[in-house]
Each structure stands twice: as structure tokens, then as C-alpha cells.
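S.K.: From the sequence below, what's the structure:
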Amino acid sequence: MEGIQHKFINVNGLNMHIAEKGEGPLVLFIHGFPELWYSWRHQIVYLADHGYRAVAPDLRGYGQTTGAPVNDHTKFTIHHVVGDIIGLLDAITNEGEKVFVVGHDWGALIAWNLCLFKPDRVKALFNMSVAFMPWNPDGNLVEVVRLLYGDDYYIVRFQKPGEIEAEFAKLMSYETFMKKFLTLRDPGPLYLPKGKGFPHSPPGVPVTLPPWLSEQDIEYYASQIEKAGGLTGGLNYYRALPL
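M.R.: Prediction:
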């Protein structure tokens, strides 16, 4: 896409796939669930055209990044995923170089913690969707949201390994999953009642894509979920929250 280059970097035991374009100060884009480097494709091109080096990885467990033990969610803690980003910066920056960081969703949570662990690596931060949440050693976030929103809340539903994957597989293809997830616009909590899929989009009802999302985009996301062996890699981030 418009001159974006793709590379693989040995990082923290992973073969990490990155997309990059441009020269100049580095802007690192960190995606969320259930997305990819591809979520930043327009920003990569724009910033490269305006004097920046834009880089976006596929995170541990996603897309073309390989080597993560997907069947072991204990290897997806914030220390692991922030460690991946630190290792990536070690590989692609000069000594002492600071970078701009942009995060969305889980990428924002990773970026907040990157700033805590390695403030010397970050020049400035821009986050979307997830506010800073200081660690509470006396609380379990999963149990907190269970008390607030109940057992059907998505973070709670994501906890049992294999359960939500099997349920989604019965209800929809990866293409349909991505369509329903990316077109969700309900401002309220996301509930996933057992066996019902997404309440905002009943099974069997076609999804009308917005102008900013094409069938080609959906096909790419779905193909990369397939390449990664399914949704488990991304779901592991939620399963590691209590750790």
C-alpha cells in the first residue's frame, strides 16, 4: 500500500512483523484488539509524507508476528507485551533516540505502561480509547468488572481459554466477526450473552459496512486472523489481566 515496507525483526523471542514508511523522527503505532498494523495504514502514509518515519507492528499473537506461545496466556502479561515494544525500539532506533508513541485500545494500555517502565524512550504520547489505569495490588480488574457489569460483560466472557473462540466459530466466520466488531457503535458496555454473539447485530442479519471500511479491508483482517491461528492470541491479553 503506497510504498509501505514490511520487515521481520527478532524481538524478545518473537519474529515480529512491522510495517514502516518514511524517514525522520519515529512515530510508533500500537494497535488494539482485534486489529493489526493495518489499522494504521492511512496514518503511516500521511506521516511518512510529512517528514516522519512511521512504524506499526503486529503485536504478540497477532497477524504475521510469530513465536508467541498462544496456548499459554501467562506469556501475555503487560511485562511481556511492553517488553516486546522495548525490544523493538532497541532494534530499530539509535542509542538515546526517543520516539513518538500512538496507542489505541490495548495499544494504549501498552503505551501507558511503556511510559512508566521506560520514560527515557518516549518523546510524546497520544492514546485513544483507554485511559490510564494505575495498578491496584489489592484488586483484580476482571472481578471488578464482573461486579460492575455481570458475567456477560466481554472481558469476563473472554476469560476461559477456548470458550469464546468455540462460540464465535459456531456463529460466524472471521469476516463476519470483524464486520460486527468494527461496526459496533453502541456507547454502552459490550455484552456477549452466551450463544447470541453481538447483541447489536443478530446472527444472519447482513452487516452494512460504513464508507471507511471496505470488503477488501475485512478480507485482510480475516486472513491475518487465520494466519495467526485464530483469535486466541488477542484474547490472551484479557486472560493475563489478573497477572
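
S.K.: for this structure, which spans come out with low pLDDT?
M.R.: Across the chain, the ranges flagged by pLDDT under 70 are 1.

S.K.: Name the residue closest to the centre of it, please.
M.R.: The chain has G32 as the residue nearest its centroid, 2.4 Å off, counting by Cα atoms, centre = their mean.

S.K.: what about it, which helix or strand?
M.R.: Following DSSP states H and E, there is no helix or strand that holds G32.

S.K.: ok now do the residue lying closest to it once chain neighbours are set aside, which residues does it touch?
M.R.: Nearest non-adjacent residue to G32, counting by Cβ to Cβ, 6 or more residues apart in numbering: D105, 2.3 Å away. All C-beta atoms are positioned from the backbone trio N, CA, C, and that covers glycine. Contacts for D105 (Cβ atoms under 8 Å, 6 or more residues apart in numbering) come out as 31-33, 35, 128-130.

S.K.: Just the buried ones from the residues you listed?
M.R.: Listed as buried from the contacts of D105 are 31-33, 35, 130; burial here means 16 or more other Cβ atoms under 10 Å.

S.K.: could these go into TSV alongside distance to F181?
M.R.: Compiled in TSV, the buried ones among the contacts of D105 are given as follows (distance: Cβ to Cβ, whole Å):
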residue	distance to F181
H31	13
G32	11
F33	9
E35	9
V130	16
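
S.K.: right, and the pair among these with maximum separation?
M.R.: Among the buried ones among the contacts of D105, the pair separated by the greatest distance (Cβ to Cβ) is E35 and V130, at 13.4 Å.

S.K.: List the buried residues in the longest helix along the chain.
M.R.: Secondary structure of the chain per DSSP state H: the longest helix is helix 78-92. Residues 78, 80-85, 87-89, 92 are the ones in helix 78-92 that count as buried (16+ other Cβ under 10 Å).

S.K.: about what we covered before: now, which of the buried ones among the contacts of D105 sits nearest Y191?
M.R.: Looking across the buried ones among the contacts of D105 and measuring by Cβ to Cβ, the closest to Y191 is F33, at 16.4 Å.

S.K.: Roughly how far does the closest one sit from N127?
M.R.: 15 Å (Cβ to Cβ, to the nearest Å).

S.K.: residues in contact with N113?
M.R.: For N113, the contacting residues are 78, 82, by Cβ under 8 Å, 6+ apart.

S.K.: re earlier: just curious, which of the buried ones among the contacts of D105 is nearest to E226?
M.R.: E35 (15.0 Å).

S.K.: before we move on, what SS does that closest one have?
M.R.: coil (DSSP: H, G, I helix; E, B strand; the rest coil).

S.K.: how far away is it from L47?
M.R.: Computed as Cβ to Cβ, the E35 to L47 distance reads 18 Å.

S.K.: And the contacts of stretch 38-47?
M.R.: Applying Cβ under 8 Å, 6+ apart, the set of residues contacting stretch 38-47 is 1-4, 19-22, 27, 29, 31-32, 54, 56, 63, 102, 104, 217, 220-221, 224.
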